[in-house]
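1. Sequence first, predicted coordinates after that:
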Number of protein chains: 2
Amino acid sequence: MVKNSKPVIAVDIGGTKISTALFSADGKMRANTVCPTSASEGVNAVIERLLTVIEDILTQNKLTPPKIDAISIACAGGINTAKGIVVTPSPHLPGWTGLPLAAIIKKKTGVVTYVLNDASAAALGEQRFGVGKGVKNLVLFTVGTGIGGGIITDGKLYLGARGGAGEFGHMTVETQGLKCGCGNIGCLEMYASGTALVNDVLGRLRSGQKSSLLDMAKGDLTKITAKIVDDAARRDDKLAQEAIVQMAYYLGVGMVNVVNIFNPEMVVISGGMAALGEVLIAPGRMMVEKRSFSINAQAARVVIGSLGNEAGVYGAAAYAFDVRRAK
Amino acid sequence: MVKNSKPVIAVDIGGTKISTALFSADGKMRANTVCPTSASEGVNAVIERLLTVIEDILTQNKLTPPKIDAISIACAGGINTAKGIVVTPSPHLPGWTGLPLAAIIKKKTGVVTYVLNDASAAALGEQRFGVGKGVKNLVLFTVGTGIGGGIITDGKLYLGARGGAGEFGHMTVETQGLKCGCGNIGCLEMYASGTALVNDVLGRLRSGQKSSLLDMAKGDLTKITAKIVDDAARRDDKLAQEAIVQMAYYLGVGMVNVVNIFNPEMVVISGGMAALGEVLIAPGRMMVEKRSFSINAQAARVVIGSLGNEAGVYGAAAYAFDVRRAK
């Protein structure tokens, strides 16, 4: 990591929380504050809270805005990074459509601000600071309520023409499949996300399959979450295990596809569902070995990310360092 | 194009023919020889013929090997470009598995030799000399008997870890679909290639659907080719038209997927089936508009390549020029 003259503030705006971290000029995380957010809040409330957190971090570290090189924000949704605009926000951020987030934060703080897609940031984070350190070609799936993706080609973050690259969750894997909220059909996200897992479990329960999940949820199916399904599977619940096997199979299909497309050295699984660990990725690893082109399969290691839910802030920081270095 | 001090020999080894071209130091094609090859020939016969063609071109242009900067070969199959090895050849080149093609040609000619995948070469060709001139992020499908792909990211050819990137024909689009020769299931190639088109037509004929194709093939179904299906469709044959619509639909699924993954400025359709023109790509263009993420759909132009079957040699030449420039 090239030395930067000034520290960087890195932010990850997710559906339920905002992580804000201070990175010193040598690329080390010095402080990290996580605060909740909710879909019902307006844009202004979220931005005000973010500004307060930034101010607190600066005060606690005896810094002022002129001493900061940049604020770099990872944000869920379709982000035009060149313009710093949230073009199509994630459903968790209603009202953010077309929001010139970089300009707003810059105006309020006086600090140059970048915005990039959160999954792209996670890929850069894992490649600079995490499991993919030193890997030249890396693809990352964020598997949570939805599925996002990030791409490192020849050592650099690839964002595409307008920052929209890496939507691995929205490749069709079933042409006659489920209609996706994105407007496409049979998207991977409809089969391999946390939401897909829960929907699959509910379908199995409604069709009369037996499971300890009914007791665990005390009969209230709305209480069933991906976490509860994981817990049940670990306690040998057959239905929960079958649903996870199905989800892992589809994630494997997605892995085979990106391995054939990118010939990466590494496929990283990140996001909330990565907590399932090997159960989630081992089938995909085997499928890559068996089904991908041999030249591609031989190169690809399939792993869980090592930065957990901090991948996004690490990546946002790395992005700011990269921009500085390119100048 | 940066000026090179010496000319380059560019070669495209396909299933049925070898194109060999001389490019002058200023990047212009000066001579181009096409000679046939066939699957039944051994490796040595093909290589001997290639060497003869190269010698002829040099003699005709009053050149000797020391006056040539490089020989750059586009070749079908999984190519390890860094090592110059044909790792997994296309079925048209049996016996080429593991062939150290670059080393063999270098030994025989004394000229530095590169080998890269033919679809990757076609993408580079179209981006440097063809319809994609100046486009930074471009993806190309070669649609012929199979489906290949090439990727330009941030203005550069992306080959992946071992030269195996861009296998767009081998992404699963039907998880319960047809078994593909590559070992994967429901690959795009099984639905949107020339071979898939002919198979689809044969299936329809066998199930009793009426068509002028039966007359055109004089009752011999083995005579039906993609070209004949195209001809029949242009003469309003319903069956042929339906089969092409189906193929174009699947190609559109592939386009939507790569547009969501790469957020490219351009999707180029190349290869033999590109002769179908707008009939083949118009449905996909509409699907990209309707189904891809809006930020991605807005950026992407879907077009037919402008270099026809010379895209490969142009790309091979561009690759050699790039290597030289990087030095």
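-> All right, it came through fine.
2. Secondary structure class of residue A:12, three-state.
-> Following DSSP: H, G, I helix; E, B strand; the rest coil, we place residue A:12 in the strand state.
3. In space, what's closest to it - neighbours in sequence excluded?
-> Among residues not flanking residue A:12 along the chain, residue A:312 sits closest, at 3.4 Å (Cβ to Cβ, 6 or more residues apart in numbering or on different chains). Where C-beta positions appear, they are placed from N, C-alpha and C, glycine not excepted.
4. so how far is residue A:257 from the one you found?
-> In this structure, residue A:312 and residue A:257 are 24 Å apart, going by Cβ to Cβ, to the nearest Å.
5. Also residue A:119?
-> 16 Å.
6. Can you pick out the residue with more neighbours from these two?
-> Higher neighbour count among residue A:119 and residue A:257: residue A:119, with 31 against 28, using other Cβ atoms under 10 Å in any protein chain shown.
7. So what's the predicted local confidence for the more buried one?
-> Looking at residue A:119, its pLDDT stands at 97.
8. My read is that it contacts residue A:146, right?
-> No: with contacts counted by Cβ atoms under 8 Å, residue A:119 stays clear of residue A:146, the gap being 9.5 Å.
9. about what we covered before: quick one: mean pLDDT over the strand or helix carrying the residue nearest to residue A:12.
-> Per DSSP states H and E: residue A:312 is located in helix A:311-326. Averaging pLDDT along helix A:311-326 yields 94.
10. Give me the helices and strands touching it, please.
-> strand A:8-13, strand A:17-23, strand A:29-36, strand A:70-75, strand A:113-117, helix A:118-129, strand A:156-157 (3 or more Cβ pairs under 8 Å, 6 or more residues apart in numbering or on different chains; DSSP states H and E).
11. ok, back up a step: ok, so what distance separates the residue nearest to residue A:12 from chain B?
-> According to Cβ to the nearest Cβ, to the nearest Å, residue A:312 stands 19 Å off from chain B.
12. follow-up on the earlier one: show me what counts as buried in the helix holding residue A:312.
-> By neighbour count with 16 or more other Cβ atoms under 10 Å in any protein chain shown, helix A:311-326 contains the buried residues A:311-322, A:324.
13. and which of those residues is nearest chain B?
-> For those, the minimum distance to chain B (Cβ to the nearest Cβ) is 12.8 Å, reached by residue A:322.
14. wait, the closest one sits on residue A:152?
-> No: between residue A:322 and residue A:152 no contact is recorded; they are 11.3 Å apart, counting by Cβ under 8 Å.
15. what sits in contact with each of these two?
-> residue A:124 (Cβ atoms under 8 Å, 6 or more residues apart in numbering or on different chains).
16. Confidence-wise, which of the helices and strands packed on helix A:311-326 is weakest overall?
-> Looking at the helices and strands packed on helix A:311-326, the bottom one is strand A:29-36 with a mean of 91.
17. most distant residue from the middle of chain A?
-> Centroid-distance maximum for chain A: residue A:208 at 34.3 Å, with Cα atoms, centre = their mean.
18. how about low-confidence regions in chain A?
-> Within chain A, the ranges that satisfy pLDDT under 70 run A:1-4, A:39.
19. what are the ranges of the helices in it?
-> A:43-60, A:101-109, A:118-129, A:189-192, A:194-206, A:213-216, A:226-234, A:238-262, A:278-291, A:294-299, A:311-326 (DSSP state H).
20. How about the longest one, which residues are buried there?
-> Put plainly, it is helix A:238-262. The neighbour-count check on helix A:238-262 (16+ other Cβ under 10 Å) flags A:239-244, A:246-248, A:250-262 as buried.
21. report the angle between the axes of that helix and helix A:278-291?
-> 50 degrees (axes from the mean of the first three to the mean of the last three Cα atoms, to 10 degrees).
22. same thing with the third one?
-> Using the same axes, to 10 degrees, the inter-axis angle of helix A:118-129 relative to helix A:278-291 is 90 degrees.
23. hmm, helix A:118-129 touching chain B?
-> No: Helix A:118-129 lies apart from chain B when judged by Cβ under 8 Å from any Cβ of the partner chain; the minimum separation is 10.4 Å.
24. Just name whatever secondary elements that helix is in contact with.
-> Looks like helix A:118-129 contacts strand A:8-13, strand A:70-75, strand A:138-143, strand A:147-153, strand A:156-157, strand A:266-270, helix A:311-326 (3+ Cβ pairs under 8 Å, 6+ apart).
25. so which of those gets nearest residue B:183?
-> For those, proximity to residue B:183 was assessed by Cβ to Cβ; strand A:266-270 is nearest, at 17.9 Å.
26. Just the C-alpha atoms of the closest one, please, in PDB.
-> Taking Å, rounded to 0.1, in the frame of the first residue of the first chain, the C-alpha atoms of strand A:266-270 are listed here in PDB:
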ATOM      1  CA  MET A 266     -10.300 -16.800  -6.500                       C
ATOM      2  CA  VAL A 267     -14.100 -16.800  -5.900                       C
ATOM      3  CA  VAL A 268     -14.900 -15.200  -2.600                       C
ATOM      4  CA  ILE A 269     -18.300 -15.600  -0.800                       C
ATOM      5  CA  SER A 270     -19.100 -12.600   1.400                       C
END
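27. and it, what does it pack onto?
-> Using 3+ Cβ pairs under 8 Å, 6+ apart, strand A:266-270 is in contact with helix A:118-129, strand A:138-143, helix A:238-262, helix A:278-291, strand A:301-304.
28. what would these look like in CSV with distance to residue B:177?
-> Shown next, in CSV, are the helices and strands packed on strand A:266-270 (distance: least, Cβ to Cβ, whole Å):
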stretch, distance to residue B:177
helix A:118-129, 28
strand A:138-143, 22
helix A:238-262, 11
helix A:278-291, 13
strand A:301-304, 23
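29. Just tell me which of the helices of chain A ends up closest to residue B:104.
-> Of all the helices of chain A, it is helix A:294-299 that lies closest to residue B:104, at 19.1 Å by Cβ to Cβ.
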